[in-house]
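Trainee: I would like the atomic coordinates for the input below:
(one chain, ligands or ions: 2)
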Amino acid sequence: MGFFDRFKSRKDKPTKGEVAPDAPRDDKVSPPAAEQLPEKEFSEKASVEKAPAKKAPAKKATADSGPEDKPSEEGSSKDDAYQDDAYVGATAPEDIEAEDAPGEKPKKSWFGRLKDGLGKSAQKITTSLADAIGKPKLDASDLDDIEDALIMADLGVAAAGRLTAGLKKRPFPDGVTADTLAEALAEEVTEILAPVAKPIVINPALKPHVVLMVGVNGSGKTTTTGKLAEQWQAEGKTVMLAAADTFRAAAVEQLKVWGERTGTTVISGEAGSDAAAVAYQAYETAIEQGADVLIVDTAGRLQAKAELMDELAKICRVLAKKDERAPHDRIIVLDGTVGQNASSQVSAFTETADLSGMIITKLDGSARGGVVVALAEAFKLPIHAVGVGEGKDDLRAFDAEDFGRALAGLGPKS
Ligand SMILES: Nc1nc2c(ncn2[C@@H]2O[C@H](COP(=O)(O)OP(=O)(O)OP(=O)(O)O)[C@@H](O)[C@H]2O)c(=O)[nH]1
Ligand SMILES: [Mg+2]
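Mentor: Residues are numbered from 1 along each chain as shown. Ligands and ions are numbered 1, 2, ... in the order given. The predicted model follows:
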């Protein structure tokens, strides 16, 4: 069964926590397709979940509300269409506060978590350096071994070639030592990454600056939306969130939990309603309320599914009706554990949503973070930040030198 057949049959038979589109509803009306409506009409139908006056604690888990579902229970509340391929699991927001709980094990340092995340890639690389240690300089077979290891560590052929060419040119006046070789490699990697290490710059004149979050299922879009909201709110900006993942009621609930946690207003429509209409309504509301930033969280979609990619294109088109530059940032959220598949994701989403930048998540686990270098070399798109945990503070600006050092198995810069 194709995606739309499954989606349609799901719409006919509501799953737990969802309302069938044709079932009697409460006073809220699903917004009709955004492109068919005069602006005024569908701007009045958004559901606005006001930011709490004070940050409220997360709600306790309900049986099937989604955000609090344990990943292992996810199958019961998740649309079948999203069970395909690499779905990772829904957020467990009760875990998010764990870092603050007394008696919890303290979290590793930022660099420590990054190093863990790059561990698999770094290990392959440092092993390949061993044979060269003690020689006066790198010979052809050392360079071949290093190049192979870099490719195996997900850095891609182009970056691996560039890095080994860079190493070949380097003199080792005191001979090759473990330290001088790793330092040289870290510098070469940093050189590739430095030009793309750029934070998202919010334009205060836009009011709001619209940031669209896209990516495949479970890559970390909603969590990253929450983390960005936290950062920008802390900087004194007014942030609003648009729940344009309308496929699952649970997705809207998940974003609302982030809204509560970060003191951010969430604008949503009915589950199953038109995602583009919700995005448009949210944009209208954010303009009316003078918000600085609107972050639009979208549904995960596989890059190969044309219908889903068309829906994303429609969200972009509809937002551009208000301001032709909108969405002002179009960010792909990539799961750092997927390796080379990230490249095909970036290619496909660039075609549909003209990506302006990337955020790589899950670099705290057993990630295959070497792919970040391959992405930087291949796409030259800004890498805005990396995720190193599930908490609201676990998003860091992308630091090229830290990354280069961690990948070469070195400690943090002094
Ligand atoms: N360890 C770790 N987990 C993360 C990170 N970012 C997100 N996650 C987890 O990854 C899972 C999926 O995150 P979501 O934010 O729900 O992903 P999504 O892209 O919104 O998912 P869909 O909307 O279903 O496509 C959740 O369990 C998150 O807590 C990260 O940087 N590190
Ligand atoms: Mg999501």
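
Trainee: CA only for contacts and neighbour counts going forward, please
Mentor: OK.

Trainee: in the sheet, who's paired with the residue nearest to the spatial centre of the chain?
Mentor: What sits nearest the mean C-alpha location of the chain, by C-alpha atoms, centre = their mean, is residue 333, with 2.5 Å. Per DSSP bridges, residues listed as beta-bridge partners of residue 333: residue 359.

Trainee: so which residues on the stretch 101-250 of the chain come close to ligand 1?
Mentor: Within reach of ligand 1 by C-alpha under 6 Å from any ligand atom, the stretch 101-250 of the chain has these residues: 216-223.

Trainee: nearest to residue 250 among these?
Mentor: Of all these, residue 222 has the smallest distance to residue 250: 11.6 Å, by C-alpha to C-alpha.

Trainee: the closest one: neighbour count?
Mentor: 28 (other C-alpha atoms under 10 Å).

Trainee: check which helices and strands the particular helix or strand that has it in it sits against.
Mentor: Assigned by DSSP states H and E, residue 222 falls within helix 221-234. Contacting helix 221-234 under the criterion 3 or more C-alpha pairs under 8 Å, 6 or more residues apart in numbering; DSSP states H and E are the following elements: strand 209-214, strand 239-244, helix 249-262, strand 293-298, strand 395-397.

Trainee: in the chain, which spans are strands?
Mentor: Along the chain, counting by DSSP state E, strands occupy 47-49, 209-214, 239-244, 265-268, 293-298, 329-335, 357-361, 383-387, 395-397.

Trainee: who touches the first one?
Mentor: Outside of strand 47-49, the residues within contact range by C-alpha atoms under 8 Å, 6 or more residues apart in numbering are 28, 256, 265-269.

Trainee: buried subset of those?
Mentor: Buried by 16 or more other C-alpha atoms under 10 Å: 256, 265-269, out of those.

Trainee: can you lay out those residues as a markdown table showing pLDDT and distance to ligand 1?
Mentor: As requested, the buried ones among the contacts of strand 47-49 are exported to a markdown table (pLDDT from 0 to 100; distance: C-alpha to the nearest ligand atom, whole Å):
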| residue | pLDDT | distance to ligand 1 |
| --- | --- | --- |
| 256 | 96 | 12 |
| 265 | 96 | 18 |
| 266 | 97 | 15 |
| 267 | 97 | 16 |
| 268 | 95 | 14 |
| 269 | 90 | 16 |
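
Trainee: pull the most distant pair out of the residues you listed.
Mentor: Largest pairwise distance in the buried ones among the contacts of strand 47-49, by C-alpha to C-alpha, is 13.5 Å, between 265 and 269.

Trainee: before we move on, the earlier item: just the angle between the helix holding residue 222 and strand 293-298, please?
Mentor: 170 degrees (axes from the mean of the first three to the mean of the last three C-alpha atoms, to 10 degrees).

Trainee: what are the contacting residues of helix 221-234?
Mentor: 91, 213-215, 238-241, 254-255, 258-259, 262-264, 295, 297-298, 300, 333, 387, 390-395.

Trainee: 7 Å - rerun?
Mentor: For helix 221-234, contacts defined as C-alpha atoms under 7 Å, 6 or more residues apart in numbering pick out 213-215, 239, 255, 258, 262, 295, 297, 333, 392-393, 395.

Trainee: distance to residue 137 and pLDDT added to those, as JSON lines?
Mentor: Shown next, in JSON lines, are the contacts of helix 221-234 (distance: C-alpha to C-alpha, whole Å; pLDDT from 0 to 100):
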{"residue": "213", "distance to residue 137": "46", "pLDDT": "98"}
{"residue": "214", "distance to residue 137": "46", "pLDDT": "98"}
{"residue": "215", "distance to residue 137": "44", "pLDDT": "97"}
{"residue": "239", "distance to residue 137": "54", "pLDDT": "98"}
{"residue": "255", "distance to residue 137": "55", "pLDDT": "96"}
{"residue": "258", "distance to residue 137": "53", "pLDDT": "97"}
{"residue": "262", "distance to residue 137": "53", "pLDDT": "95"}
{"residue": "295", "distance to residue 137": "51", "pLDDT": "98"}
{"residue": "297", "distance to residue 137": "51", "pLDDT": "98"}
{"residue": "333", "distance to residue 137": "40", "pLDDT": "98"}
{"residue": "392", "distance to residue 137": "46", "pLDDT": "92"}
{"residue": "393", "distance to residue 137": "44", "pLDDT": "90"}
{"residue": "395", "distance to residue 137": "40", "pLDDT": "94"}
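
Trainee: of those residues - the most surrounded one?
Mentor: residue 333 leads these on contacts (other C-alpha under 10 Å) with 30 neighbours.

Trainee: pretty sure that one is touching residue 212, no?
Mentor: No - with contacts counted by C-alpha atoms under 7 Å, residue 333 stays clear of residue 212, the gap being 10.2 Å.

Trainee: CA-only coordinates of stretch 378-387 in PDB, if you can.
Mentor: Only the C-alpha atoms of stretch 378-387 are listed here, as PDB (Å, rounded to 0.1, in the frame of the first residue of the first chain):
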ATOM      1  CA  ALA A 378      29.900  18.400  -0.700                       C
ATOM      2  CA  PHE A 379      27.200  21.100  -0.100                       C
ATOM      3  CA  LYS A 380      29.000  24.100   1.400                       C
ATOM      4  CA  LEU A 381      25.800  24.800   3.300                       C
ATOM      5  CA  PRO A 382      26.100  26.400   6.700                       C
ATOM      6  CA  ILE A 383      26.200  24.000   9.700                       C
ATOM      7  CA  HIS A 384      24.400  26.000  12.300                       C
ATOM      8  CA  ALA A 385      24.500  23.800  15.400                       C
ATOM      9  CA  VAL A 386      24.900  20.300  16.600                       C
ATOM     10  CA  GLY A 387      22.700  18.300  19.000                       C
END
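
Trainee: pLDDT averaged over it - what is it?
Mentor: Mean pLDDT, stretch 378-387: 96.

Trainee: what of stretch 356-364?
Mentor: Mean predicted confidence for stretch 356-364 is 94.

Trainee: what do you get for stretch 157-170?
Mentor: On average, stretch 157-170 scores 96.

Trainee: in it, what's buried?
Mentor: 157, 159-164, 166-167.

Trainee: just curious, which of those residues is nearest to residue 316?
Mentor: Nearest member of the buried residues of stretch 157-170 to residue 316, counting by C-alpha to C-alpha, is residue 159, at 31.9 Å.

Trainee: contact partners for the closest one?
Mentor: Counting by C-alpha under 7 Å, 6+ apart, residue 159 makes contact with 373-374, 377.

Trainee: of those residues, closest to ligand 1?
Mentor: Closest approach to ligand 1 among the contacts of residue 159 (C-alpha to the nearest ligand atom): residue 373, at 17.7 Å.
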